[in-house]
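Visitor: what follows is a predicted structure for the sequence shown.
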Amino acid sequence: MRIGIFGGTFDPPHLSHLILAAESKHQLSLDRLLFVLTPDPPHKQHRVITPLNHREDMLKVALQGNPDFEISTVEIDRPGPHYAVDTVRLLQEKYPQGELIYLMGGDSLAGLLIDWHKPQEFVDACYALGIMRRPGDHFDLTEIEATLPGVSAKVQFIEAPLLEIASRQIRRRVAEGRPYCYYLHPEVYKIIEQRGLYRTED
């Protein structure tokens, strides 16, 4: 079984998340795709993150109706800090026969050595790395391989439509009273409106 791991705060989950997930599932022939909701990522300690219950509710309605997408609580169910290497290892225990493919952007691949906890152990733990290319990504896979042996053999690129949608952009639009509903699943939009989320900027 090929299992994709799509981690993030999903604050809020938007259409680009869903399109990238669908393309990843198709292009990498995934049997299922786990959305790993991160409660308090170590690299985002500098900003206020929307309470977990709201993000979980938004992600649930965004994924409803697609049996191939599911929320994994592997990070919610344990105390922080939450590092990807630990998440992959826990999912290996849960799916011992699974081929775990971690999805990330090209910018994250370029920053593995600097920004990630135990990057070599993380790379070794993954069956493959699904890399979603973004405009402006600049990295030399040969150079990364020199410091993280084995990474180039695990990289599988994902081609997806260029959608310049980001959660930060949506939060800013809400705070500024600008249109944002078409960037989201309608039910996610409804939750934001009903609960008054993102009314002030980060």
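Guide: Noted; the coordinates are in hand. All values derive from a computational prediction rather than experimental measurement.
Visitor: residue at max distance from the center of this protein?
Guide: Residue farthest from the centre of the chain, counting by C-alpha atoms, centre = their mean, is G177 at 26.7 Å.
Visitor: where exactly do the helices run in this structure?
Guide: For the chain, the helices defined by DSSP state H occupy 15-27, 52-63, 84-94, 106-110, 112-115, 119-125, 141-147, 151-154, 167-176, 186-195.
Visitor: now render these as CSV, adding distance to T73 and mean neighbour count.
Guide: In this view, the C-beta of every residue, glycine as well, is placed from N, C-alpha and C. Putting the helices of the chain into CSV (distance: least, C-beta to C-beta, whole Å; neighbours: other C-beta atoms under 10 Å) gives the following:
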stretch, distance to T73, mean neighbour count
helix 15-27, 18, 18
helix 52-63, 9, 18
helix 84-94, 11, 18
helix 106-110, 22, 19
helix 112-115, 24, 13
helix 119-125, 19, 18
helix 141-147, 31, 13
helix 151-154, 26, 16
helix 167-176, 20, 17
helix 186-195, 19, 16
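Visitor: now the ones you listed in a markdown table, please, with extra columns for mean pLDDT.
Guide: What follows is those, written out as a markdown table (pLDDT from 0 to 100):
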| stretch | mean pLDDT |
| --- | --- |
| helix 15-27 | 94 |
| helix 52-63 | 97 |
| helix 84-94 | 95 |
| helix 106-110 | 81 |
| helix 112-115 | 82 |
| helix 119-125 | 94 |
| helix 141-147 | 89 |
| helix 151-154 | 94 |
| helix 167-176 | 95 |
| helix 186-195 | 98 |
